[in-house]
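*Asks:* here is my input, please return the structure:
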Amino acid sequence: MSDISVSLYSATETARVSHEPCISVIIPVLNEETVIGRCLEFLSHSLLPKDQFEVIVVDNGSTDRTIEVVRTFESRLCLKILTLEKAHISALRNRGASQARGTILAFLDADCLAPPEWLTTATETINNSGAGVCGAHYRIPDDATWVGRIWTNDRLHGREQNVSYVPGGDLIIRADAFRRLGGFDESIQTNEDFELCQRVMEDGLPVRSHPGLGVVHLGTPRTLAGFFRKHRWHGTHVLTVFLRDPDKRKNRRVVAVSVYTLLGTLGLLGCLVFAILQRSWILFDAFALLLVLPIFLMVAARLIPRGRWLEIPGLTLLYLTFCVARASSLIRPGSWTAAKGRSGT
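*Replies:* Purely as a prediction, here's the structure:
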């Protein structure tokens, strides 16, 4: 019997003897009636026996049929429903973890579909890899548009083994390590997954991405406008985490790119006014080049060696949109608020 099989057998056999699940799946929800049914349906087809995992749904005060849909799975899953209203998603995840009985915590978002082998692979990976956190970057649904396809193809390239973070909607960690580190930071609305992963690495444990742990993200943006809104929102507390301890250089790259883009965009707008008044477009063209050329060269350097020439225009547009979205998040209320919460992390 292989080492992986022995480890998985030991974890599940221990759970059988103690009548406790070996893994707890924690799903935060808020008005998710259109997706939570599919999420739970996929979990109900897990290769891991039903008595070896529990599903904890934490509701943030849904006003639609979310909980009604969840209750239809009570006979098919070991299910627990908790309520915590008007809280950040990090607090919802922590609430679920506080009631979890499993030795492994698997955080899943309501708009994510986990394949049947997800829980068995998660158990094998966390038990045998020595990782503090494991997971994977999201995969796209079959009907994804060019926005999701091109962006995800780029994001998945080289995202195996040790990484800086995995998204909170597909994140697996041992329960004892999660509690010892204090869980997710409840003082921030976004970037909580990255922040937790950084603390895990500071604790001496690697964060690993495993392709077998990929889940399909139904919330993959379908339009450029949706892509912009998503990344503008996700950037809300990126600067906050950076400002808590700049010496540790958390988020330094994305913050630097955001500041550069913000200054470049403001300069471009100023040059546009000047061009209209003076009928000279030299400065405008120069600022536009400074804004776009670095992105174009970076995209070309990533795609040309992989023979994906045709994706260069689309990925350049997506990265430019990403940079503008993150730049605009810098001027959102609360983005410059440093460091309440875990200032020492």
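*Asks:* quick one: low-confidence parts of this structure?
*Replies:* Judged by pLDDT under 70, the chain has its weakly predicted residues at 1-19, 158-160, 243-251, 333-345.
*Asks:* geometric centre of it: which residue is closest?
*Replies:* Nearest to the geometric centre of the chain sits Pro167, at 2.4 Å (CA atoms, centre = their mean).
*Asks:* that one against His137, yeah?
*Replies:* Yes. Using CB atoms under 8 Å, Pro167 makes contact with His137 at a distance of 6.4 Å. Where C-beta positions appear, they are placed from N, C-alpha and C, glycine not excepted.
*Asks:* circling back to that earlier point, where does the nearest residue to the residue nearest to the centre of the chain once chain neighbours are set aside fall, phi/psi-wise?
*Replies:* Leaving aside its chain neighbours, Pro167 sits nearest to Asp193 (5.5 Å; criterion: CB to CB, 6 or more residues apart in numbering). Reported as degrees, to the nearest 10, the phi and psi values for Asp193 are phi -70, psi -50.
*Asks:* measure Asp193 to Val200 for me?
*Replies:* Using CB to CB, to the nearest Å, Asp193 is found at 11 Å from Val200.
*Asks:* nearest residue to Glu20 other than its sequence neighbours?
*Replies:* Spatially, and ignoring its direct neighbours in sequence, Glu20 is nearest to Arg101 (5.1 Å; CB to CB, 6+ apart).
*Asks:* against Leu119, how distant is that neighbour?
*Replies:* The value you get for Arg101 to Leu119, if CB to CB is used, is 15 Å.
*Asks:* with neighbour numbers in mind, choose between these two.
*Replies:* A count of neighbours by other CB atoms under 10 Å puts Leu119 above the other of Arg101 and Leu119, at 25 against 17.
*Asks:* tell me the contacts of the residue nearest to the centre of the chain?
*Replies:* Going by CB atoms under 8 Å, 6 or more residues apart in numbering, Pro167 touches Gly135, His137, Tyr138, Asp193.
*Asks:* spit out the contact partners of the third one.
*Replies:* Read it as Tyr138. Tyr138 sits next to Cys112, Thr152, Pro167, Gly169, Asp170, Gly214, Val215, Val216, His217, Thr220 when contact means CB under 8 Å, 6+ apart.
*Asks:* now swap in the last one and tell me
*Replies:* By CB under 8 Å, 6+ apart, Asp193 lies in contact with Tyr165, Val166, Pro167, Gly168, Leu171, Phe184.
*Asks:* count the neighbours of Val70 for me.
*Replies:* Neighbours around Val70, by other CB under 10 Å: 25.
*Asks:* quick revisit: now, which of the contacts of Tyr138 sits nearest Val69?
*Replies:* Using CB to CB, Cys112 comes nearest to Val69 of these, at 15.6 Å.
*Asks:* residue contacts, the closest one?
*Replies:* Applying CB under 8 Å, 6+ apart to Cys112 gives the contacts Cys39, Tyr138, Gly169, Asp170, Val215, Val216, His217, Leu218.
*Asks:* name the nearest residue to the fifth one, sequence neighbours excluded.
*Replies:* With sequence-adjacent residues excluded and distances taken as CB to CB, 6+ apart, Val215 is closest to Cys112, at 4.3 Å.
*Asks:* bridged to the one you found, which residues?
*Replies:* For Cys112, the beta-bridge partners are His217 (DSSP bridges).
*Asks:* distance-wise, check it relative to Pro21.
*Replies:* Taking CB to CB, one finds Cys112 at 20 Å from Pro21.
*Asks:* what do you get for Leu289?
*Replies:* Distance, Leu289 to Pro21, using CB to CB: 57 Å.
*Asks:* those two: which has the busier surroundings?
*Replies:* Each of Leu289 and Pro21 has its neighbours counted (other CB under 10 Å); Pro21 has more, 23 against 11.
*Asks:* export only the CA atoms of the helix or strand harbouring Leu293, formatted as PDB.
*Replies:* For Leu293, the element it lies in under DSSP states H and E is helix 282-303. Extracted C-alpha coordinates of helix 282-303, given in PDB (Å, rounded to 0.1, in the frame of the first residue of the first chain):
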ATOM      1  CA  ILE A 282       2.700  64.700 -27.700                       C
ATOM      2  CA  LEU A 283       2.500  64.500 -23.900                       C
ATOM      3  CA  PHE A 284      -0.700  62.500 -24.100                       C
ATOM      4  CA  ASP A 285       0.900  60.000 -26.400                       C
ATOM      5  CA  ALA A 286       4.000  59.800 -24.100                       C
ATOM      6  CA  PHE A 287       1.900  59.100 -21.000                       C
ATOM      7  CA  ALA A 288      -0.200  56.500 -22.900                       C
ATOM      8  CA  LEU A 289       2.900  54.700 -24.000                       C
ATOM      9  CA  LEU A 290       4.300  54.700 -20.400                       C
ATOM     10  CA  LEU A 291       1.100  53.200 -19.200                       C
ATOM     11  CA  VAL A 292       0.600  50.500 -21.800                       C
ATOM     12  CA  LEU A 293       4.100  49.600 -23.100                       C
ATOM     13  CA  PRO A 294       5.300  47.900 -19.800                       C
ATOM     14  CA  ILE A 295       2.100  45.800 -19.700                       C
ATOM     15  CA  PHE A 296       2.400  44.800 -23.400                       C
ATOM     16  CA  LEU A 297       6.100  43.800 -23.000                       C
ATOM     17  CA  MET A 298       5.300  41.800 -19.900                       C
ATOM     18  CA  VAL A 299       2.400  40.000 -21.600                       C
ATOM     19  CA  ALA A 300       4.500  39.300 -24.700                       C
ATOM     20  CA  ALA A 301       7.300  37.900 -22.600                       C
ATOM     21  CA  ARG A 302       4.900  35.500 -20.900                       C
ATOM     22  CA  LEU A 303       3.000  34.300 -24.000                       C
END
